[in-house]
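Novice: Test case, fold it:
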Amino acid sequence: MNNKGFTLVEILATIAILGILSGIAIGGVQKYIEKSRQQAYDTLASSSIDATKEYVMDHPGVEQVYFDDLLEGNYIDNISNPKDNSSNCSGRVKVNTIKGSNGGLDDYTYNVFMCCGSDNYAYEFPKKKHYKTNNCKAHAYDISEIKEIKVLHVYPYNAVANQLKNWMADKKHGDERIKVSSVYIDEFNKNPINYLGSIGNWKADVIVFGFWDCNASKDLSKNSAQLVDKFLSTGGSAIFGHDTITKGCGNHTNFISLQQYVNVEATSDLSWNGSNKVTIVKSGIFTEYPYRIGNQETVLTIPTSHCYGQVAHGDVWLTYNGITSSANKNVYLSTYGNNALIQTGHSSGQATEDEQKIIANIIFYMKANQDGLVSD
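Specialist: Purely as a prediction, here's the structure:
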């Protein structure tokens, strides 16, 4: 009769205490798991830096090294997702060069940006600072937020109206997102607003000029150049093809009036040498998306082309092989902000497979710059 059980209050209190203790235990386990995962990320980032150091010794002057480069060159064996090892992480290592003083050796620091599944993660070395980032999205050079790119192609030779449209065909190089409309330059000059639109109601994201030798001796009219000026000054993008911004080919005065947007200087030096090979001299999102066209020092094949009466002062991505003129006069592709100059068009509107991929990539890159998606 004197043996008593637990009261309801005591049972409830016990349950509550056990709940609190289990909550603390679960929280501790979760913190331990997160800490272990973070340490795994740190180890992977450090390994990618060690591999990059070897890569830089073999490729002096490189500014960006992608995980794919490290894997393909056997500089690293594994970059599996530390979370579940289900897939490789994607990412890049930015190489920062510190010039040695008084002729001493250069020093380097490294920033690693990597994405492992849904975990967007950045690691800074040598500070070993790690943090979440949205820069790399699901892939270190993914621009999947771009759903459509409206391109207006102003072509100079009436017999070949749709070469860009054909190159960017939905299931070919346009990744089903580059939508090209075309207009002959004479028609564009008659009524540019009809094709390009007006401030606040632009009909295109990117306007492309070319691609024909001497631009078929066609220049923009003063009125159309002024409208393009407004388009570019309000955030639009332009890709200028071969022999557009030049004092040769009849002196394209109105194209030249737009040269500041691509940071190109038209000069009176009209000497040139051609080549059908170009080399990637700068890597970044442009060289990776939607096609991985190669890393630095990769050689690509194009129809024979050349630089003619132009000096590029922007970011140079590709230069001609075997041409010994000064570097900024040897430029096949340069960009400045969300505008570009490309020497496509010397060979009667032809383009190789490599060149079509280059053009697709530069269209995406221009749009990505517009939308603030580029972190190069």
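Novice: measure stretch 255-265 end to end?
Specialist: Stretch 255-265 has an end-to-end distance of 11 Å (criterion: Cα to Cα, to the nearest Å).
Novice: and the closest residue to E265 other than its chain neighbours, what is it in contact with?
Specialist: Leaving aside its chain neighbours, E265 sits nearest to V311 (4.5 Å; criterion: Cβ to Cβ, 6 or more residues apart in numbering). In short, each C-beta sits where N, CA and C put it, glycine included. V311 makes contact with 264-265, 267, 328-329 under the criterion Cβ atoms under 8 Å, 6 or more residues apart in numbering.
Novice: are any of those buried, and which?
Specialist: Among the contacts of V311, those scoring as buried are 264, 328-329 (criterion: 16 or more other Cβ atoms under 10 Å).
Novice: distance between stretch 302-319 and the chain's centre?
Specialist: 18 Å (Cα atoms, centre = their mean, to the nearest Å).
Novice: Among the buried ones among the contacts of V311, which lie within helices?
Specialist: Among the buried ones among the contacts of V311, no member falls in helices (DSSP state H).
Novice: between those residues, which is closest to K35?
Specialist: For the buried ones among the contacts of V311, the residue nearest K35 by Cβ to Cβ is N328; the value is 50.2 Å.
Novice: quick one: the closest one and A312 touch, right?
Specialist: Yes. Using Cβ atoms under 8 Å, N328 is in contact with A312, at 5.0 Å.
Novice: show me where the stretch 51-200 of the chain has strands.
Specialist: Under the criterion DSSP state E, counting those that start in this stretch, the stretch 51-200 of the chain contains strands at 64-66, 90-98, 107-116, 119-125, 129-132, 149-155, 178-184, 197-198.
Novice: Format those as a markdown table; extra columns: mean pLDDT, distance to D58 and mean neighbour count.
Specialist: A markdown table is the format used below for the strands of the stretch 51-200 of the chain (pLDDT from 0 to 100; distance: least, Cβ to Cβ, whole Å; neighbours: other Cβ atoms under 10 Å):
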| stretch | mean pLDDT | distance to D58 | mean neighbour count |
| --- | --- | --- | --- |
| strand 64-66 | 82 | 11 | 24 |
| strand 90-98 | 82 | 13 | 19 |
| strand 107-116 | 80 | 14 | 20 |
| strand 119-125 | 61 | 20 | 19 |
| strand 129-132 | 64 | 28 | 11 |
| strand 149-155 | 96 | 36 | 24 |
| strand 178-184 | 94 | 35 | 19 |
| strand 197-198 | 95 | 49 | 14 |
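Novice: Kindly reformat the ones you listed as CSV and extend each row with distance to G250.
Specialist: As requested, the strands of the stretch 51-200 of the chain are exported to CSV (distance: least, Cβ to Cβ, whole Å):
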stretch, distance to G250
strand 64-66, 40
strand 90-98, 44
strand 107-116, 47
strand 119-125, 51
strand 129-132, 55
strand 149-155, 17
strand 178-184, 18
strand 197-198, 29
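Novice: For K35, which of those strands is the nearest?
Specialist: Going by Cβ to Cβ, the one of the strands of the stretch 51-200 of the chain nearest K35 is strand 129-132, 11.7 Å.
Novice: List every C-alpha atom in stretch 180-199, with coordinates, as CSV.
Specialist: Extracted C-alpha coordinates of stretch 180-199, given in CSV (Å, rounded to 0.1, in the frame of the first residue of the first chain):
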residue,chain,number,x,y,z
VAL,A,180,18.1,36.0,-83.7
SER,A,181,16.2,38.4,-85.9
SER,A,182,18.0,39.8,-89.0
VAL,A,183,17.9,43.0,-91.0
TYR,A,184,20.0,44.3,-94.0
ILE,A,185,22.0,47.4,-93.0
ASP,A,186,20.4,49.5,-95.7
GLU,A,187,16.9,48.7,-94.3
PHE,A,188,18.1,49.3,-90.8
ASN,A,189,19.5,52.7,-91.7
LYS,A,190,16.2,53.8,-93.2
ASN,A,191,14.2,53.2,-90.1
PRO,A,192,16.4,52.0,-87.1
ILE,A,193,13.6,52.5,-84.5
ASN,A,194,11.5,49.9,-86.3
TYR,A,195,14.1,47.2,-85.7
LEU,A,196,15.9,48.3,-82.5
GLY,A,197,13.1,50.1,-80.7
SER,A,198,13.5,53.1,-78.4
ILE,A,199,14.5,54.0,-74.8
